[in-house]
Every structure is written in C-alpha cells, then in structure tokens.
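S.K.: sequence first, predicted coordinates after that:
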Amino acid sequence: MRIKVHPVLGPLKGKATIEIEVDGRRISAIPGEMISSALIAAGIKVFRTTHKKGEPRGYFCGIGQCTDCMMTVDNIPSVRTCITPVSKGMKIKTQYGHGKWEV
Amino acid sequence: MIDDEELVICRCEEVTKGEILEVMEKGAETLNEVKRLTRAGMGLCQGRVCRRLVMQIYCQNVGKKPEEIKPTKYRPPVRPLPIETLASGVKSIELDPDYEGI
Amino acid sequence: MGSMSMLTTDVAVVGAGPAGLYAAIEAAKAGAKTTIINEYVEPGGQLTKQIHKFFGSKEHAAGVRGIDISAKLLGSIDELKVEKRMGTLVWSIFHSNILAIAHNGKSEMLRANKIILATGASENAFAFPGWTLPGVMGAGAAQTLINLQRILPGNRVLMVGAGNVGLIVAFQLLQAGSEVVAVVDALPYISGYCVHSAKIARAGIPILTSHTVKKAYGEISVEGVMVVKVDNQCKPIPKSEQDMKVDTICIAVGLTPLVELAWLANCRFTWVASLGGYVPLYDDKMETTVKGIYVAGDAAGIEEASTAMEEGSIAAISAVESLGLMTQQRAYALRAEAYERLRSFRIGPFGKLRDQGKQFIWRERQKYAERI
Amino acid sequence: MQRGFKLTGVLTDAELHRLPGAPSVERAAKGPVAVIECAEEFPCDPCEYSCAYGAIIVGQPIINLPCLDEDSCTGCGKCIAQCPGFAIFVMNLNYSKKEATVSFPYEFLPTYKAGEVVNAVNRSGKVITKGKVVDVKNLTNQDRTVVITIAVPKEFGWDVRGIERKEVKAYDR
C-alpha cells in the first residue's frame, strides 16, 4: 500500500506511470522506486524461496545487506530488489533457490 | 524455548542452531571452524545477518564472553558485487610483491 | 598493466551519513581535495529517513528534522565542491591507502592520503521460530519503506525492542498509517527515552516489558505472533502466551558498528558492549592503529547523530592537520572545542555508558601504542 | 525492579509532580501554564530557546532537566511544537467555569478542526472523557507539528494529554 498522504512528508509526489511485469502479472510502479517497493505496494510479499528448504522469503533489511529479497530480474538471477530501481517493462520473476541464468 | 534445535540462524545457508551446536560437540573449537563446518555466514550475505547470532551461540556454549574469543575473518570483497565488476578493477592496481594479503 | 589509471584524492570519506558529511565538509573547508563515497544513490545515511525533530543543542540543529539536516549538509558538500561518488561501494582497502571502489559495473582504485571510515552501523538480528517468514523485517528496513519509499509494510505491526529505534519507528509507523499492536522488549524496563515511550503510550500502544517473541506463524507470510512473558533470566513463563494477529514484525534489538573495511586494513579492535560490539581502537584524533585511517560516527561505536557529526569533524581536522593543511595549534583548538561539546553529551544516565566505552578505547589504544 | 515510567512508559502522578518542569498545583490553578513532562537527563535544549519569557531553563550541562519558572510562564504555548520529544503541554484549568483546556502536539493525519467533539486520552492513551477542539495551530515555525487545544471537564485537566487518533481508514489511500 502506498502512503499517499503523510503528516510530515506531505502528499506523495511520485506517480505510478510505468508498468513492470511480475511472474507474468503487470503492476504499476513509480519511476525511480525500488523493485521491492513496487511489489509490496501491489501486495506481493514472497520474493523468492530458499534452495534447501524451499521456504518463502521477502523484504528483510531494506539496504542490500541480507539478500533475502533477491529475485530474477530481466533473466538475471539474484538481483537485490530493495536497492535496484524499477525500469519500464522490467520482467521480474520469483526466484526458486539460486535461480537460473536465462540468456 | 521450543523448536530451539530447528531454529534457523544463518538465513542464507539455512543453518540451524542445532547444526551449530552439533559441530561444536564434534570438536569445532574456534568460530572459524564452526563457520566452515556449518557454512553459517558463508552464504549470499556473507554473515551480515547471522554473524552476531552465531557468535552468541558459540560464546554461550563455550562459556566465554565475546571479548575473550577470536572473531571470524573478513575477506574482500566486503560488498556483494559481480565477479565481472571485480575483474575490471584488477588492471589498475599495482600489487606490491611483498604484500602478503589480508 | 599498461594503462594503469589510479584515481587520487587527499581525503577519502567512506559513508555519507552525518559523520561522513561533517568530515567531508571540514576537510574541504581546510582546502583538502575531498572525495565522499556512498553505497546508496541518495546521500544522507540515516538522516534521509529520520522525519522526526532531533534532540541536542543549537550547534547540532536541535529541533530540526533529520531529513532537513541532511538537505542542508548536502548543500554544503556541493558548495565546497566535494567530489561525490554516490551509488559506489567500497569493496576493499589495499596497502592502507587504496580503496577499491565499484560503480555501475566498473571497479576502480582510489589512492587517498587519508581515509575516514564513516560507514555507520547495521541492525542486529533476533532469531525466533518463524523469523524467516516474509513480513518479519528490521525496524530500520520498515523505516526505509515508510519514510523513503512511502510504502506501508503492513497493516498490523508488532515492534520488538523498546529502545529508541523501536519506539521511534513504532511512532513513525503510526504516522504512516499502520496499526502498531504492541511494543515488546525482553528487558524488564524500557531502555529508550521516556519522551519516546510516552508518545507511544499516549497513542494507546501497549509497551510490554519482560516480553519476547515465542514464534511467528503464517502460511507464506506472517499471519500472527505468539508473545510470551519472561522472567529475570529471560526464560519464558509457562502459560503466559498471547496470540497477536499481525502481518508485520519489526526487529529493533540494537545496532552493530559496520567496520569490515577497518578489519581488512588490519586495524586493531576491541570489544565494547556499550558501543555495540567490535570497535577499532582509535585515539583522540579518531585515528585508528593504522596511520592515515580514521573512523567516526557509529562505526566508532554506536551513539547519536550529533556525536557522529562531532567525531566526523574531529577526524577530518586531524587528517588535514596531518596533511599540513591546518596548523597544529588551530587543529588542537578546534578539537578541544569539539570535545567540550561532546563532554556535555556524554554525561547523564544515557551518555555515561558511552563515555566509559570511549575512555576504554582510548586506554586500549594507549596500551597498544606502548606495546609496539 | 524498575517502576514508574521506565516500566510502563507513562509518568505516574508522583513522578510528574516531582519534575522541575511541572508547575505547582497552586500555579496551575491560576491559569495557563506549561507542563514539561521531560523526566530523563539527555542532551537537549530547544525548549529553552523557544521561550520568549525565559521561563524554561536548561542551562549547563545540556543534559539538565528543563526547569519551569512558573511565575514567568504565561502559558503562551510557543514551546509545545519546539520540543522534539513532544513532552510539553499547556494546561489552562481556568478556561471556563466548568472546563479546562489542554494543548498538545499532534503529528498525525487527518487533523482536527475547531468545534469537533473528540475522545480525550490520558498519558496511557486511554479515553477518559469527551472534549471539544477549541484551537488548531499549524504555523510555519512549528514545522509541521500541529498544536491542538481541547476543552475538557475541569477535573480532567491534569490527566488529559491527547486525543484518540481518527480511524486509520480515514487515510486517503
């Protein structure tokens, strides 16, 4: 959910003018925001599953330290979505285990 | 607390508290040994999340304070980056022949 | 290795938070060629998400919001023509004076006469069954989401940790529009400032001391949490469980100085619990045991933004003094002033512990100097 | 064992009346006055500079608890929005025959308008009475900290310290 109004930060300035694709589903995003933000705004919480136990993981540290939020972005696996900004037409996939390079 | 053995400590390598205690029981003496035998702290985040937790478990188990033990080592690169990026910088460093590394 | 191009600078500052920005400003003011490097695209560090008004004195912009202090400091950085390398990570230190930096897929070497490490801190983890479920996150991570990204992490939140970070972020979650179900802390008392706990209490949020998380549960993300009362030994008290329906759990159980680069540079370290863990040894000039490498801010021990700013200045003053860009007398006088201000910050029930930590580091530094 | 505000986050009456920033019961009975509910020594002094009458003294060292000079305090309320800790309130126990007013800082949305009837809360966030908004100030120098004044039955003057936030749903999403 986006915070459209805020008592200190005021109204939300960015507009969700671009579209990205997540596992085939199209969602809107604000140019410049991080991939993880667009996903959470769209209600998506599970970003990947782990390689040993297949457990779901999502946004955890928010500053590119923990690697829990990694997804396959434009066929490149293990992209840290919390510090990678969205771009128009970006194709994002839930990553299973270590992911696969799909060239 | 229940589920203690099953508690995941290293999120990246999915190492449990039970596994850490097990290698210590089998003879792992230093933190470095615990790390290498369990792989706790050797995954994607390189211990950024679990380093302190592993150390706490280790300290508790050997009955020592953090100041009395030897921490695990850091090695470059200390930030995650593609090997391709790393290689692009090698050209520009004059390696000192006497330099013994970190 | 024909076309070796090494970047050079007088003073390299790693980290553009309060300590780093102050260091860069002070170094550039003295005429040093100054380069400031920051991993994140946006400089400002923690300041960029601190929407609350700061405590402190006039000199430290008390009463001004962190976000606005950041904007002001960034203005000075630009005015003083500090070279900014944002979105750039430092992945190693070689030979005590070469920083290996990477930006946009390209790695370069930066030789700096003086290096100031103002790399800040990272959030401590707290492991409980279910802590890997999506919906569990650092309090700082939640703060980044709400104040920087303008995204609500969830509707119902449990905050774990009643220190200042936990209390402040809990309040900011309310401001953003989340419901905070409770703030819990295993300690038998609230370790954060009373003014922060009072704000939370007034908002009707229970602060449960001597309580911890037993487990979080949910199918694919957090659906609820079992909170349990603990005794003095932090042991759970049977049958004291409370089930809370939440979709988000924030962890605020302290910070650890982020000092990987100082380890790589072979700086000597010591463990100081009151300052957050391993801290490099340094002297009253903020210089580590490796000549030319300075440390400031949370990287020199977890403290406040205001003290980080002072330490950043002290480190930079000492660096430019050592470069011959400032007279000894002037550097001495400026440091004395800074320490005078720091002294008034490091007394009282909260400041005292940190002061003792700092004194310990200086003593250890002295002992080390005598040994070699 | 910790007691009082370190355990609950809320000042007890005894703790409150011991504070150097709290006015005496006699002074409070006379009319508008600041109540500075700042109980821990940490470095902070914007309140001192905010007062045009010199009624708030922190002095040196900066960790001193703010001390209220209750005879100099006019209850103007300029200090409320300047306290980064939201710890200053203004109480007017003489607002009318039956009512007292309490002014407090507010940094939530949506905000309130004069005339609205609200649920007034005590330090623990518990609704203790109904109140009516009599003033909402949002001046530039308050830097986005709104100061709301509500009128409540006189006997609640010492206890009311805020209002129940409006439903989160009221947020424009």
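M.R.: Arrived safely.

S.K.: what residues of stretch C:266-273 count as buried?
M.R.: C:C267, C:R268, C:F269, C:T270, C:W271, C:V272 (16 or more other C-beta atoms under 10 Å in any protein chain shown). Using the backbone N, CA and C atoms, a C-beta is placed for each residue, glycine as well.

S.K.: let's have those in TSV, adding distance to chain B, pLDDT and secondary structure.
M.R.: Compiled in TSV, the buried residues of stretch C:266-273 are given as follows (distance: C-beta to the nearest C-beta, whole Å; pLDDT from 0 to 100; DSSP: H, G, I helix; E, B strand; the rest coil):
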residue	distance to chain B	pLDDT	secondary structure
C:C267	11	97	coil
C:R268	13	96	coil
C:F269	8	96	strand
C:T270	7	96	strand
C:W271	4	96	strand
C:V272	8	97	strand
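
S.K.: hang on, A:S36 is in a helix, isn't it?
M.R.: Yes: judged by DSSP: H, G, I helix; E, B strand; the rest coil, A:S36 forms part of a helix.

S.K.: so it touches A:V46, yeah?
M.R.: No: judged on C-beta atoms under 8 Å, A:S36 makes no contact with A:V46 at a distance of 11.8 Å.

S.K.: who has more neighbours, those two?
M.R.: Using other C-beta atoms under 10 Å in any protein chain shown, the more surrounded residue of A:S36 and A:V46 is A:S36, with 28 against 16.

S.K.: can you check the pLDDT for the more buried one?
M.R.: We have a pLDDT of 98 for A:S36.

S.K.: chain center to the helix or strand of chain D with the lowest mean pLDDT, what's the gap?
M.R.: Least confident helix or strand of chain D, by mean pLDDT, DSSP states H and E, is helix D:5-8 with a mean of 94. With C-alpha atoms, centre = their mean, to the nearest Å as the basis, helix D:5-8 stands 19 Å off its chain's centre.

S.K.: which SSE is immediately downstream of that helix?
M.R.: Remark: after helix D:5-8, the chain's next helix or strand is helix D:13-18, criterion DSSP states H and E.

S.K.: quickly list what B:V15 is bridged to.
M.R.: Under the criterion DSSP bridges, B:V15 forms beta bridges with B:C10.

S.K.: tell me how many other residues surround it.
M.R.: Counted with other C-beta under 10 Å, B:V15 comes out at 25.

S.K.: so it touches B:I9, yeah?
M.R.: Yes: shown here, B:V15 and B:I9 form a contact pair, counting by C-beta under 8 Å, at 5.7 Å.

S.K.: joint contacts of the two?
M.R.: The contact sets of B:V15 and B:I9 overlap at B:A40, B:C50 (C-beta atoms under 8 Å, 6 or more residues apart in numbering or on different chains).

S.K.: please put the alpha-carbon coordinates of stretch D:145-163 into CSV.
M.R.: In CSV, the C-alpha atoms belonging to stretch D:145-163 read as follows (Å, rounded to 0.1, in the frame of the first residue of the first chain):
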residue,chain,number,x,y,z
THR,D,145,4.0,19.9,14.3
VAL,D,146,0.3,20.8,14.8
VAL,D,147,-0.7,22.1,18.2
ILE,D,148,-4.3,21.2,19.2
THR,D,149,-6.1,22.7,22.1
ILE,D,150,-9.2,20.9,23.5
ALA,D,151,-11.6,21.8,26.3
VAL,D,152,-12.4,19.1,28.7
PRO,D,153,-14.3,19.0,32.1
LYS,D,154,-12.1,20.7,34.6
GLU,D,155,-11.3,17.7,36.7
PHE,D,156,-9.5,16.0,33.8
GLY,D,157,-7.1,18.9,33.2
TRP,D,158,-4.1,17.2,34.8
ASP,D,159,-4.8,13.9,33.1
VAL,D,160,-5.8,14.6,29.5
ARG,D,161,-2.7,14.6,27.3
GLY,D,162,-4.1,14.0,23.8
ILE,D,163,-6.9,12.7,21.7
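
S.K.: which parts of that stretch are buried?
M.R.: By 16+ other C-beta under 10 Å, the buried positions in stretch D:145-163 come out as D:145-152, D:154, D:156-163.

S.K.: tell me which stretches of chain A form strands.
M.R.: For chain A, the strands defined by DSSP state E cover A:18-22, A:25-29, A:48-49, A:56-57, A:70-73, A:76-80, A:91-93, A:95-96.

S.K.: between those strands, which gets nearest to C:I205?
M.R.: strand A:56-57 (28.3 Å; C-beta to C-beta).

S.K.: ok, residue 79 - contacts?
M.R.: This is for chain A. A:I35, A:M70, A:M71, A:T72, A:V73.

S.K.: should've been chain C
M.R.: Residues counted as contacts of C:E79 (C-beta under 8 Å, 6+ apart): none.

S.K.: format the strands of chain A as a markdown table; extra columns: distance to A:M1 and mean pLDDT.
M.R.: Formatted as a markdown table, these follow (distance: least, C-beta to C-beta, whole Å; pLDDT from 0 to 100):
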| stretch | distance to A:M1 | mean pLDDT |
| --- | --- | --- |
| strand A:18-22 | 16 | 98 |
| strand A:25-29 | 13 | 97 |
| strand A:48-49 | 22 | 97 |
| strand A:56-57 | 20 | 98 |
| strand A:70-73 | 20 | 96 |
| strand A:76-80 | 22 | 93 |
| strand A:91-93 | 19 | 97 |
| strand A:95-96 | 24 | 96 |
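
S.K.: out of the ones you listed, the one nearest C:P238 is which?
M.R.: Judging the strands of chain A by C-beta to C-beta, what sits closest to C:P238 is strand A:56-57, at 31.0 Å.

S.K.: that closest one close to chain C?
M.R.: Yes: using C-beta under 8 Å from any C-beta of the partner chain, strand A:56-57 reaches chain C at A:P56, A:R57.
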